[in-house]
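Asker: For reference, the sequence and a predicted model appear below.
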Amino acid sequence: MSSFLYFILPALGGYTLTSLYLLKNPQILHRRKRTAFYSTHISHRGGCGERIESTIEAFTHAVEQGTQMLELDCHLTHDGHVVVSHDENLLRQTGHDVTISSLNLQDLPLYKERMEVTFYTGRYISGADRTFALLEDVFRKFPEMPVSIEIKENNHQLIEKVSDLVRRYNREEITVWATVNSTIMKECRRTNGSMPYSFTMKRGALLLLLFYSGLLPFVPLGESLLQFYLLRIINRTYIPEQGILRNRLAVSFIEKVTMRKSLFRHLAARGIQVHLFVCNEDEDIKAALEVGATGVMSDYPTLLSGYLRRNRSQD
């Protein structure tokens, strides 16, 4: 037994020291990713705390406030149009219990006149524009603005149409595939492998496993972005539907496991952007940046711009 420990302990020690060194110096093994964009200011659903979510008015306002990326979700209408909408079922957004896929574009209802901000419980917003936007309209109006598109359903026709629009408007370098589902991501990448893509939930779990086992510095990563909750907002500004996330101990544990500055710094050093969301108060923006986020996603583009401007002037 003693002879076994004589060999294994030095090996473990050497592995640990090598892993820690490469964690801080990933350029030794990995070429830094060079994406065509670098976004510190990201507007969630187009900045849905200041204008009705995902409308052209919201996107226009966010761009005017200096956002560097628009985050949105897409669904397909019955007659084959790619519509920007967070939900497939329109009950929350319009008051009508219908799905986008069951309606033709011309039959989509208007957004409610007054909508609650999902990630800021008790806060409401209204706006002049209540019309669902087409993804093509967003691309046409903001040709150089990076866009993160979350695909929520494994719909081959939807994914192909999104990819076709990205190619038609020559946006492959500045449009991101995003989804929590690994099966959907495989379909997205099979359809268009030229677009940068973010971590799925499964790949995020693997990332943590690699990090805590010390293997992360040795493993290549294809993703260009990590987009994840800033856990401190849960049950304070955002009340999730999932029961486990309403448990303070569970959220505290997940926060301690995931919010690791050394992990985020390692990813950033490899050229992988880390976006934490949804930060709707100054203290949350500060917390996200302090833990190592390279970008902050907010429902309030004016608030985020003001925070970044004030703190840039203090540096």
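Answerer: Yes, it's here. On a predicted model such as this, the values are computed, not experimentally measured, just so you know. Numbers count the residues shown, from 1 in each chain.
Asker: could you point out the longest strand in the protein?
Answerer: strand 69-76 (DSSP state E).
Asker: what pairs with the helix or strand that that one is followed by, and is each one parallel or antiparallel?
Answerer: Next along the chain after strand 69-76, taking DSSP states H and E as the criterion, comes strand 82-84. Sheet pairing for strand 82-84, assigned by DSSP bridges, gives strand 69-76 (antiparallel), strand 133-134 (antiparallel).
Asker: pLDDT weak spots in this structure?
Answerer: 1-7, 313-315 (pLDDT under 70).
Asker: centroid residue for it?
Answerer: Nearest to the centroid of the C-alpha atoms of the chain, with distances taken as Cα atoms, centre = their mean, sits Gln227, at 3.7 Å.
Asker: Am I right that that one sits in a helix?
Answerer: No - with DSSP: H, G, I helix; E, B strand; the rest coil as the criterion, Gln227 is located in strand rather than a helix.
Asker: My guess is it contacts Met201. True?
Answerer: No - Gln227 is not in contact with Met201 according to Cβ atoms under 8 Å; the separation is 11.0 Å. Every residue, glycine included, has its C-beta placed from N, CA and C.
Asker: What's the separation between the residue nearest to the centre of the chain and Leu12?
Answerer: Using Cβ to Cβ, to the nearest Å, Gln227 is found at 34 Å from Leu12.
Asker: and if you look at Ile151?
Answerer: Using Cβ to Cβ, Ile151 is found at 42 Å from Leu12.
Asker: more neighbours, these two?
Answerer: Of the pair Ile151 and Leu12, Ile151 is the one with more neighbours under other Cβ atoms under 10 Å, namely 21 against 12.
Asker: In contact with the more buried one, which residues?
Answerer: 73-74, 158-159, 162, 177-179, 184, 188 (Cβ atoms under 8 Å, 6 or more residues apart in numbering).
Asker: quick one: which of those residues is most hemmed in?
Answerer: Highest count within the contacts of Ile151 by other Cβ under 10 Å belongs to Trp177, 28 neighbours.
Asker: Correct me if wrong, but that one is in a helix.
Answerer: No - assigned with three-state DSSP, Trp177 falls outside any helix and is strand.
Asker: pretty sure it is touching Arg189, no?
Answerer: Yes - under the criterion of Cβ under 8 Å, Trp177 makes contact with Arg189 at 6.8 Å.
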